[in-house]
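Visitor: sequence? don't have it. structure:
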C-alpha cells in the first residue's frame with residue numbers, strides 16, 4: 001500500500017516523533033512511504049527513517065491575504081498528492097487534516113484526519129474551527145489518541161468513523177529504572193502550559209519533608225530562564241538540574257526512580273509513556289486526556305488534580321518516602337511496553353486501513 005503522511009514539519013515535537021515512528025513501522029511492513037511537510041528539510045530535528053521518501057512544499061507562501069495563501073497551499077498540495085497517487089493520506093494535526101481533506105475533495109484518494117492534542121483545551125481559531133466542522137465529515141476516518149477525545153469527536157462528527165489509537169513506543173531494549181535512586185525527572189518542553197513552575201514549587205516543599213532528593217529537568221523552551229530564577233528564589237538551585245534537550249531520552253530516564261508531570265493539559269503524553277516503559281514511578285496531573293488512561297486511573301502511579309500544587313507535593317512525598325511503593329508502581333507501569341508496543345499500535349492502524357478499503361468497496365458496488 002502507498003501511504004502518504006502529511007505533516008507541518010519535522011521539527012522537534014511529540015507529533016513529529018510519532019509520525020516518524022509510524023512511518024518506520026509501516027515501511028518495515030513493506031508499505032511505500034512518503035512524508036510531505038510545509039517546512040524545508042533544513043528545519044528538521046529528527047532523522048528520516050530508511051527508505052522513506054521526503055517531500056516539502058516550502059517555501060511558505062507569504063504574499064496575499066490569508067485566504068488566498070490557504071487556497072494556494074491547498075492547490076499545491078492537491079497537485080503534489082495527485083502526482084504521488086497514494087492509496088491513503090494520513091494527515092497529522094487539525095489544520096493539516098483540514099488542508100488535506102480540502103485538497104483531495106473530488107478525488108478517490110481517502111484522507112485520515114488526526115487530532116494530536118486535546119481540542120477541548122487547545123481550540124483553533126474560528127475560521128479553521130468552522131472549516132474543520134465542515135470538512136471532517138468528508139474524511140475517510142478520524143483518528144484521535146484517547147478515549148476521552150474520541151467521545152468529543154463522536155459528538156462533533158456523529159456520522160464519521162472515529163478511532164482511538166495511542167502512540168507507539170519505539171522498538172527498544174528498554175533500560176531498567178533505578179528505583180532506589182533519590183532522583184525525580186521531568187521531560188517536557190519548557191512552555192507555560194507544562195506548568196513546570198508548579199512542579200518546582202512542589203519539589204521544594206517535598207524536599208523539606210523527604211531530604212536528599214534531586215530533580216532533573218530535561219527539555220528547553222521560553223520558560224527556561226524564569227524557571228532558573230524560581231529555583232534561585234527558592235534556594236534549591238543545587239538540587240535542581242536543567243539538562244536541555246536530548247536525543248537519548250531513555251539514557252537519562254534510567255538513572256531516576258520517579259517521573260513527574262505537572263501539565264495543565266496534554267493530548268497523549270509521550271514523555272509519560274517513555275518513562276513508564278523504563279519502569280519509573282509516575283506522579284502526574286490528571287489532565288482530561290492522556291495520563292489517567294495510560295496510568296489505568298491511578299493503578300500505576302499517583303494522579304493529582306491539575307493546578308493543585310499541594311496535591312502534587314503530597315504525591316511526591318508519598319512516593320519519595322517509600323521504596324516499596326515506587327517498586328509497586330514501577331512494576332505496574334511496565335504494561336505500556338505491550339499496550340503501546342509498535343506491533344499493537346500498527347495492528348490498530350491496519351484495522352483502520354482495512355475499514356477504509358471496505359467502505360470504498362461498498363461505495364463502488366452501490367455506484368455500479
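Guide: Cool, the structure landed. Just so we're clear, the structure is a prediction, and the values are computed from it rather than from any experiment.

Visitor: tell me where the model's unsure across the stretch 251-368 of the chain.
Guide: For the stretch 251-368 of the chain, the stretches flagged by pLDDT under 70 are 359-368.

Visitor: can you give me the strands for it?
Guide: 258-261, 281-285, 302-304 (DSSP state E, counting those that start in this stretch).

Visitor: format those strands as TSV; extra columns: mean neighbour count and distance to residue 321.
Guide: Any C-beta I mention is one placed from the backbone N, CA and C, and that applies to glycine too. Formatted as TSV, those follow (neighbours: other CB atoms under 10 Å; distance: least, CB to CB, whole Å):
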stretch	mean neighbour count	distance to residue 321
strand 258-261	29	11
strand 281-285	28	12
strand 302-304	22	12
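
Visitor: number of residues surrounding residue 218?
Guide: By the criterion of other CB atoms under 10 Å, residue 218 has 21 neighbours.

Visitor: and whichever helix or strand it is part of, what does it pack against?
Guide: Residue 218 belongs to strand 214-218 when assigned by DSSP states H and E. With contacts taken as 3 or more CB pairs under 8 Å, 6 or more residues apart in numbering; DSSP states H and E, strand 214-218 sits against strand 183-187, helix 196-209, strand 240-244, helix 249-253.

Visitor: point out the most buried one among the ones you listed.
Guide: The highest average neighbour count among those, using mean count of other CB atoms under 10 Å, belongs to strand 183-187 at a mean of 24.

Visitor: note down every partner strand of it and its orientation.
Guide: strand 214-218 (parallel), strand 258-261 (parallel) (DSSP bridges).

Visitor: next, format those as TSV and append distance to residue 233.
Guide: Below are these laid out as TSV (distance: least, CB to CB, whole Å):
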stretch	distance to residue 233
strand 214-218	15
strand 258-261	20
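
Visitor: quick one: closest of the ones you listed to residue 100.
Guide: Across the strands paired with strand 183-187, residue 100 has its closest neighbour in strand 258-261 (31.3 Å, CB to CB).

Visitor: go ahead and name everything in contact with the closest one.
Guide: Residues from elsewhere that reach strand 258-261 (CB atoms under 8 Å, 6 or more residues apart in numbering): 183-188, 199, 202-203, 215, 253, 269, 271-272, 275-276, 280-285, 291, 312, 316, 319-320, 326.

Visitor: likewise for stretch 117-127?
Guide: For stretch 117-127, using CB under 8 Å, 6+ apart, the contacting residues are 94-95, 129, 132, 146, 148-149, 152, 264-267, 287-290.

Visitor: give the contact list for the closest residue to residue 241 other than its chain neighbours.
Guide: Nearest residue to residue 241 in three dimensions, chain neighbours excluded: residue 216, at 5.2 Å (CB to CB, 6 or more residues apart in numbering). The contact partners of residue 216, by CB under 8 Å, 6+ apart, come to 183-186, 240-241, 243, 252, 256.

Visitor: now residue 216: how far from residue 258?
Guide: According to CB to CB, to the nearest Å, residue 216 and residue 258 sit 10 Å apart.

Visitor: secondary structure element for residue 90?
Guide: Short version, using DSSP H and E: residue 90 is in strand 88-91.
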